[in-house]
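**Student:** build the 3D model from these lines:
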Amino acid sequence: MFIPLHDGVPLRFMRAPYVTYALICVCVGVQSLLFLRGDPGGDIALLAGFGMIPSVLFGQAHLPPEIAQAPAWLTLFSNILLHAGFAHLVGNMLFLWVFGDNVEDAMGHWRFLLFFFICGLSGSLTHALLHPDSEQPLIGASGAISGVIASYLMLHPRVRIWGLAFKWIPLRIPAVYALGAWILFQIVSAFLDPKGAVGWWAHLGGLGAGAALTPLFIHRGVALFSRVARG
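**Tutor:** Numbers count the residues shown, from 1 in each chain. Have a look, this model is predicted:
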């Protein structure tokens, strides 16, 4: 697959994407605290307590009191800030770093923050609705970041992105091809591996929310699909 590294699109409406930076810092901070704890058993309990478990969300199962860390409804959001390990974290944060700044610039700080968590919520709910009996915790910002990817693709489809194809071949290709291939991979994987370890449907739920919300959240002067902005 394609690993994005840099896009070079300048910011138009703000000095810096502070919300994108803050989200990355929070996710990295949470993962670092889990690592520093040095308690694998306790970490598993925390991931189960703050991760979104569909069967618990719908009241079909219940966590032991010593594991239940948050109300079931809150895990629809808390799971977004957790990751299964540093590889999972780095992959998600790299996508957020490359694409989040321009989406935040197009929306503004507070709207982008709301957009991010709505996309994450959509991803969590999509996964839960399609796997209502699952007892496996869903964790990770992938649903929210999928919404960011959908938004970026709608904003800058023609921008050429530097990245690594198949993890080591450097390429500079238009976003529509790089991200289009990534989206296609999510769709195919969701149907071929519906009950695998990866929450593919959470990714698709975030993508759908991102595509639907982008026209509503961007500044009026921001053009979609590289068209001329309206005055």
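**Student:** can you classify the most centrally placed residue in the chain as helix, strand or coil?
**Tutor:** Nearest residue to the geometric centre of the chain (Cα atoms, centre = their mean): Ile145, 2.3 Å. Classification of Ile145 using DSSP: H, G, I helix; E, B strand; the rest coil returns helix.
**Student:** who's in contact with it?
**Tutor:** Applying Cβ atoms under 8 Å, 6 or more residues apart in numbering to Ile145 gives the contacts Asn92, Phe95, Leu96, Phe99, Gly100, Gly206. Just so you know, the C-beta spots here come from the backbone N, C-alpha and C atoms, and that holds for glycine as well.
**Student:** and the strands in the protein?
**Tutor:** 2-6, 160-165, 169-174 (DSSP state E).
**Student:** tell me which residues in the helix or strand of the chain with the lowest mean pLDDT are buried?
**Tutor:** Least confident helix or strand, the chain: helix 40-50 with a mean of 78, by mean pLDDT, DSSP states H and E. For helix 40-50, a neighbour-count test (16 or more other Cβ atoms under 10 Å) marks Ala45, Leu46, Leu47, Ala48, Gly49, Phe50 as buried.
**Student:** also stretch 5-25?
**Tutor:** Residues of stretch 5-25 classed as buried: Asp7, Val9, Pro17, Val19, Thr20, Leu23, Ile24 (neighbour count, 16+ other Cβ under 10 Å).
**Student:** before we move on, what about stretch 103-113?
**Tutor:** Buried residues in stretch 103-113, counting neighbours by 16+ other Cβ under 10 Å, are found at Val103, Glu104, Asp105, Ala106, Met107, Gly108, His109, Arg111, Phe112, Leu113.
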